[in-house]
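1. Structure, please.
(chains A and B)
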There are 2 protein chains.
Amino acid sequence: MASERDRDATAPVSAASSGKEPRTARGRRTLRAILDAAAAEFGEKGFHEGSISGITRRAGVALGSFYTYFDSKDDVFRALVRDMSGQVRDHVAPGIRSAPDQLAAERAGLLHFIEFVRDHKEIYRIIDEAEFVDPESFRLHYVSTAERIQARIQAAAERGEVRDGMSEVHAWAIMGMNVFLGLRYGVWDDSITPDIVADAAADLLTNGIGPKD
Amino acid sequence: MASERDRDATAPVSAASSGKEPRTARGRRTLRAILDAAAAEFGEKGFHEGSISGITRRAGVALGSFYTYFDSKDDVFRALVRDMSGQVRDHVAPGIRSAPDQLAAERAGLLHFIEFVRDHKEIYRIIDEAEFVDPESFRLHYVSTAERIQARIQAAAERGEVRDGMSEVHAWAIMGMNVFLGLRYGVWDDSITPDIVADAAADLLTNGIGPKD
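-> Take a look at the predicted model:
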């Protein structure tokens, strides 16, 4: 987990409440510490039981620092959902980009997603709770993820790396596969090597499960 | 929606709290009315804002009738999650059983699932909220659904209707596809004919998206 967090040592300026964006690298590091503490607080206690004082205690910052960047508990939760959505995207992107073709890219995307989830098990609880606490962020997370998948498989179809006819339905199907495999083999049980899960899913995605003719 | 509810005019005896199982057909109809009212109440207001009095008002039964069958709001919510899980299973089963082969069965399962969701849009909110309110029922719903899928695709592999090597990973991948396609094309937007979604998903599942050789 430390390695992940180290890589993301600063937070995006846009994570703060409107008008409260950090202006310095130090401010962005404090914002990052608050967001990581919020992930731990809401991941452990949920939104309703989680508190701003719990977040500042975990982050080791004063209450005033919290209000330097956020207006409310709702605001930091909303920022956290978008931040985690972005962290997933950024974590899986290099493996997807460096794969030799799109089917290998989809396999790499799932592999790195499962690895990310194992290091950030709180992500499901937080994004799933957004369905109730902040439905707009919940919807945005999935719509934007599906749009990214659709764009990359349609581009791959044009390159001949996957077959023609890739649609929004395919993108949502792939996303759903990945979300549930991440829940099952990332959050609930991490005893199975992620490569085994990624291999089986990639085989399904590449060849389907129809009988060999 | 009425047609769905009419088909399920009575509730399973086991839905009531322990020791409070209905003994008569009339009792099972009252239990059914309470569960349907609970689906409407929790689907609209969520668990925390939903109330027992809201449920009995919607069901048109006295408060005493509620306590004839349930001990608490937690109990009726737990019963509701298991009831909806069973309703989905029962709704998709006939289409799966009557399909000519397993790939057609999987397509029928998704098609009827999307249709069910369009008539019971509250199901996602209720089962998703169970992750927080009643984690055991949440896990049981998905574990038992995946076990059913795994059992049927492994049996189909033995009959040669799908290829060999079907595993738990395949079952979770198929379930994830269906859950997200149900959310996207059942709950969020029901303007697309379910057959179109089912066709695209069945094609993905049967043939994969690998380039034609």
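2. Does the residue positioned nearest the centre of chain A belong to a helix, a strand or coil?
-> Using CA atoms, centre = their mean, the residue of chain A that lies closest to the mean C-alpha position is A:V88, 3.0 Å off. When classified by DSSP: H, G, I helix; E, B strand; the rest coil, A:V88 comes out as helix.
3. OK, contacts around it?
-> If you count contacts by CB atoms under 8 Å, 6 or more residues apart in numbering or on different chains, A:V88 has them with A:113, A:116, A:123, A:145. All C-beta atoms are positioned from the backbone trio N, CA, C, and that covers glycine.
4. buried ones in stretch A:135-151?
-> The neighbour-count check on stretch A:135-151 (16 or more other CB atoms under 10 Å in any protein chain shown) flags A:137-138, A:141-142, A:145-146, A:148-150 as buried.
5. Compile the residues you listed into a markdown table and extend it with columns for distance to B:A37 and secondary structure.
-> Output for these, formatted as a markdown table (distance: CB to CB, whole Å; DSSP: H, G, I helix; E, B strand; the rest coil):
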| residue | distance to B:A37 | secondary structure |
| --- | --- | --- |
| A:S137 | 31 | helix |
| A:F138 | 26 | helix |
| A:H141 | 32 | helix |
| A:Y142 | 30 | helix |
| A:T145 | 35 | helix |
| A:A146 | 34 | helix |
| A:R148 | 41 | helix |
| A:I149 | 39 | helix |
| A:Q150 | 40 | helix |
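6. ok, which of those also contact chain B?
-> By CB under 8 Å from any CB of the partner chain, the members of those lying near chain B are A:142, A:146.
7. if we can go back for a sec, and the contacts of A:V88, which is closest to B:S65?
-> Nearest to B:S65 among these, counting by CB to CB, is A:I123 at 42.2 Å.
8. Model confidence for A:M1, exactly?
-> Per-residue pLDDT puts A:M1 at 40.
9. Actually, A:R5.
-> 43.
10. Equivalent analysis for A:R139, please.
-> 96.
11. Could you do A:G19 as well?
-> 85.
12. Count the neighbours of it for me.
-> 6 (other CB atoms under 10 Å in any protein chain shown).
13. Give me the phi and psi for it.
-> Dihedral angles of A:G19 (phi, psi; degrees, to the nearest 10) stand at phi 90, psi 0.
14. With A:P135 as the reference, measure out to the residue nearest to the centre of chain A.
-> Relative to A:P135, A:V88 is positioned 19 Å away (CB to CB, to the nearest Å).
15. repeat for A:A173
-> Taking CB to CB, one finds A:A173 at 23 Å from A:P135.
16. A:Q87 against A:H120, yeah?
-> Yes. Assessed by CB atoms under 8 Å, A:Q87 is found in contact with A:H120 at 7.5 Å.
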